[in-house]
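K.L.:
I would like to see how this sequence folds:
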Amino acid sequence: MLGMKSGNRARVRRMVCGSAIALMVFGNAAGALAAGQSGDAALEAKVVNGQVYVKASSLVSQLGGQGVYDAKSQTYQYKAGNSVPSIVKKLSPSVVAIIGKVSEGEVDTSDRYNLAHGTGVVLKKDGWIVTNAHVVSGLKHAVVVTSDGKSYTIAKQFVDEISDIAIIQINAKNLTPAAFSSASVEVGESVVALGTPISFSFRNSATVGVISGLNRSVDSIYKLIQTDAAINPGNSGGPLVNMKGEVVGINSLKYSAVGVENMGFSIPTNTVQYIVNQLMQYGKVKRPTLGFDMEESWSAIVGLPTNEPLTVTRVDSDAAVKAGIKAGDVLYSINGKQVTTMLDINELFKGYMPGQSVKLMMQSGGDLVERKLQLTEQS
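P.N.:
Next up, the predicted model:
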């Protein structure tokens, strides 16, 4: 079962890592990189007597932290900037807590203790914050509490239920925006989750884990990041942060069932930025659609690797009818990009707008054909 809204009892674990280390000014780069941020990097270097030397300034720029050269001892004192305490200290001013009264269905809104809460991440210093749609949807008399303890009401709000992303604005100036990573993440990479789990009194909580998986399809039309960092009800809308202190995802949901442990999911920053840009510009997300329904292959549905195409089950738009598409046709690719799942199509369409034309490679009546189709806007 998936869930993020209901409360439950949690076990608290404290984890601290990181230390100060001493390096020679042009010390071994491989060892320093192994102790710091994972991933590829191109650093300025030179080879002397068969040894590779990397500039200390380049190393600090890549890994973060601080370094000081001691001329007397001719050593370079390096303090890691990617320790969990330093990440929490860096990101906390950019993380807010959100609380308000529930107003869903037959719930009694007169109960002063009938509250729901979540987390948000500062986008812009003028008060714009990103969070989950399910955090603010239906929330009445919402209050946003910043890390310094100040409270604000929500002045503006735009919600996209499909992606579970919302942006809100509070009347605050000089907030501290979080840094959002544009780099690819890797399975096994260490991450920190920040948020307000279980109780509003637990705001500014941090949990530590790794990225457990990528490109997950879990109750979402877009690919999600899987993590084993503890994500509990109230963490929704909070950041998943890499070891450079950059946001790599917005925590959204988790598996909640007997026998299931530490399976949380975050919306990657590329999807977050796509949705945020659309909401900022249009107040909604203008999603393109092909104008016909499709069915995935059995292999794709159960999660097996497959190259099998999608099958058209129903044609909905005049544009698709005009293009000659009919039920029973199969779709192989869009503008040369192979697609085997609806997730593939949704990810691809983050780069398109309604009204644009695409070329579809399809099979119809046993023949391989190319159809040109104008994308329509999803209602």
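K.L.:
Leu348 versus the closest residue to Gln338 other than its chain neighbours, what's the distance?
P.N.:
Take Gln338 and drop its neighbours on the chain: the residue closest to it by CB to CB, 6 or more residues apart in numbering is Tyr332, 6.5 Å away. C-beta: built from backbone N, CA, C; applies to glycine. Distance from Tyr332 to Leu348, counting by CB to CB, to the nearest Å: 13 Å.
K.L.:
Need the residues touching each of the two.
P.N.:
The contact sets of Tyr332 and Leu348 overlap at Val339 (CB atoms under 8 Å, 6 or more residues apart in numbering).
K.L.:
Could I get the buried residue list for the longest helix seen in the chain?
P.N.:
Counting residues, the longest helix found in the chain (DSSP state H) is helix 269-282. Of the residues in helix 269-282, those buried by neighbour count under the rule 16 or more other CB atoms under 10 Å are 269-276, 278-279.
K.L.:
export these to CSV and tack on pLDDT?
P.N.:
Formatted as CSV, the buried residues of helix 269-282 follow (pLDDT from 0 to 100):
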residue, pLDDT
Thr269, 97
Asn270, 96
Thr271, 97
Val272, 97
Gln273, 97
Tyr274, 97
Ile275, 98
Val276, 98
Gln278, 97
Leu279, 97
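K.L.:
Leu240: which of those is nearest?
P.N.:
Among those, Thr269 lies closest to Leu240 (CB to CB), at 9.2 Å.
K.L.:
Roughly how far does Ser364 sit from Thr311?
P.N.:
Taking CB to CB, one finds Ser364 at 11 Å from Thr311.
K.L.:
pLDDT weak spots in this protein?
P.N.:
Across the chain, the ranges flagged by pLDDT under 70 are 1-41, 62-64, 80-82, 103-113, 258.
K.L.:
tell me the secondary structure for the residue of the chain most remote from its centre?
P.N.:
Taking CA atoms, centre = their mean, the residue of the chain most remote from its mean C-alpha position is Lys72, at 46.4 Å. Assigned with DSSP: H, G, I helix; E, B strand; the rest coil, Lys72 falls in the coil class.
K.L.:
on that earlier part again, ok, the buried residues of helix 269-282 vs Glu370, which is closest?
P.N.:
Using CB to CB, those come closest to Glu370 at Tyr274, 27.8 Å.
K.L.:
right, and the closest one touches Lys350 too?
P.N.:
Yes - at 4.8 Å, Tyr274 and Lys350 qualify as touching, with contact defined as CB atoms under 8 Å.
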